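**Student:** need a structure here:
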Amino acid sequence: MIKYINETTEYLQDKGFKAPEIGIILGTGLGQLINEIDIIKEVSYNHIPNFPTATVEFHKGKLIYGELASKKVMVMQGRFHLYEGYTLQDVTYPVRIMEKLGIKTLLVSNAAGAINLNFNKGELMIIDDHINLQGSSPLAFKGVEKLGERFTDMSAPYNAEINSKFESIAKANHIKLHKGVYASVVGPQLETKAEYRMLKIIGADAVGMSTVPEIIVANHLKLKAAAVSVLTDECDPDNLEPVNISDIIENAAKAEPDMITLFKELIKTL
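**Tutor:** Here you go, the predicted structure:
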């Protein structure tokens, strides 16, 4: 993997990706942050050596480098998931590349279902902790100790200082912002009523199919990490309706302006 990481990093450096400070992973329906960035360079995933390619129709596939709030940022427009047939090492490979290029902070967004019935669709939740239900770890491979500590500490995977700043920004901008525990499952099928009940029992406030692998690798690489979920559906097992994917994307789009405000104002402070 070290050979692949070096090849990819050299390719992007040659393309002009110079010393980014902050990495950003954009989730479902949250691509409009791109419009706030002064883009310097962008490269399609399928042109980058050793890079996976996004296969989900509403996930674009570009790596973007530019300036946001006077900071050099590197943005994944489209991410990878286990349910697309990738390994956890594939899914998290871009995080390793961003760190190798120079980022010190990783910010992640995603779409999630609200398990906590005090949360409503269209609202946002900063992730305070997570439950990994994806069946493995992105660190479970031979030679991982050459890239960082094998037994990575996860006592505080989400940076408390960044989360506190998110809360202050939300308050100042009258944005409804929850804090909670995110459970990451494999998917791509949505959960059954019994699974939603189980998730509530084990302490999840929201559920999705991403983010946790990237956060684990961010901690492995000693990056400051934070993540925000847009709650796109309400997962009440006693009143469960069939999920409409277009409705999920529509709810993500409605919450997008608030998400953009959070990210932009946070980056000014980093």
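**Student:** where does the stretch 51-200 of the chain have low pLDDT?
**Tutor:** Residue ranges of the stretch 51-200 of the chain with pLDDT under 70: 54-60.
**Student:** what about the helices in this protein?
**Tutor:** For the chain, the helices defined by DSSP state H cover 2-14, 88-101, 160-172, 193-201, 212-220, 245-269.
**Student:** And the ones you listed: which comes nearest V181?
**Tutor:** Of all these, it is helix 193-201 that lies closest to V181, at 9.5 Å by C-beta to C-beta. For glycine as for every other residue, the C-beta is placed from the backbone atoms N, C-alpha and C.
**Student:** rewinding a little: winner for burial among the helices of the chain?
**Tutor:** Most buried of the helices of the chain by mean neighbour count (mean count of other C-beta atoms under 10 Å) is helix 212-220; its value is a mean of 27.
**Student:** and the angle from that one to helix 88-101?
**Tutor:** When axes from the mean of the first three to the mean of the last three C-alpha atoms, to 10 degrees is applied, the directions of helix 212-220 and helix 88-101 differ by 40 degrees.
**Student:** got the CA positions of helix 212-220 in CSV?
**Tutor:** Extracted in CSV, the C-alpha atoms of helix 212-220 (Å, rounded to 0.1, in the frame of the first residue of the first chain):
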residue,chain,number,x,y,z
VAL,A,212,-16.9,5.4,10.5
PRO,A,213,-14.2,3.8,8.3
GLU,A,214,-12.8,7.2,7.3
ILE,A,215,-12.9,8.4,10.9
ILE,A,216,-11.0,5.3,12.1
VAL,A,217,-8.3,6.0,9.6
ALA,A,218,-8.2,9.7,10.4
ASN,A,219,-7.5,8.7,14.1
HIS,A,220,-4.9,6.1,12.9
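**Student:** What is it packed up against?
**Tutor:** Other helices and strands packing on helix 212-220, by 3 or more C-beta pairs under 8 Å, 6 or more residues apart in numbering; DSSP states H and E, are helix 88-101, strand 105-114, strand 124-132, strand 177-184, strand 224-234.
**Student:** try 10 Å this time
**Tutor:** When contacts are defined as 3 or more C-beta pairs under 10 Å, 6 or more residues apart in numbering; DSSP states H and E, helix 212-220 sits against strand 22-26, helix 88-101, strand 105-114, strand 124-132, strand 177-184, strand 224-234.
**Student:** what residues are up against I34?
**Tutor:** I24, L26, E42, K60, K62, I64, G66, L68, V75, Q77, I260 (C-beta atoms under 10 Å, 6 or more residues apart in numbering).
**Student:** which residues touch the residue nearest the centre of the chain?
**Tutor:** The centre of the chain sits closest to V108, judged by C-alpha atoms, centre = their mean, with a distance of 3.2 Å. By C-beta under 10 Å, 6+ apart, the contact list for V108 reads 23-27, 76, 79, 95, 127, 158, 210-212, 214-215, 218, 225-229.
**Student:** could you redo the last one with a cut-off of 6 Å?
**Tutor:** Going by C-beta atoms under 6 Å, 6 or more residues apart in numbering, V108 touches I25, T211, E214, A227.
**Student:** Next: R197.
**Tutor:** Contacts of R197 (C-beta under 6 Å, 6+ apart): P237.
**Student:** and if we set it to 10 Å?
**Tutor:** R197 sits next to I115, E191, C235, P237, D238 when contact means C-beta under 10 Å, 6+ apart.
**Student:** Now, of these, which are buried?
**Tutor:** Buried residues within those, counting neighbours by 16 or more other C-beta atoms under 10 Å: I115, E191, C235, P237.
**Student:** follow-up on the earlier one: could you report the neighbour count for the closest residue to the residue nearest to the centre of the chain other than its chain neighbours?
**Tutor:** Counting by C-beta to C-beta, 6 or more residues apart in numbering, V108 lies nearest to A227, which is 3.9 Å off, once chain neighbours are set aside. Residues near A227, counting by other C-beta atoms under 10 Å, number 31.
**Student:** Was I right to think A227 contacts E214?
**Tutor:** Yes - using C-beta atoms under 10 Å, A227 is in contact with E214, at 8.3 Å.
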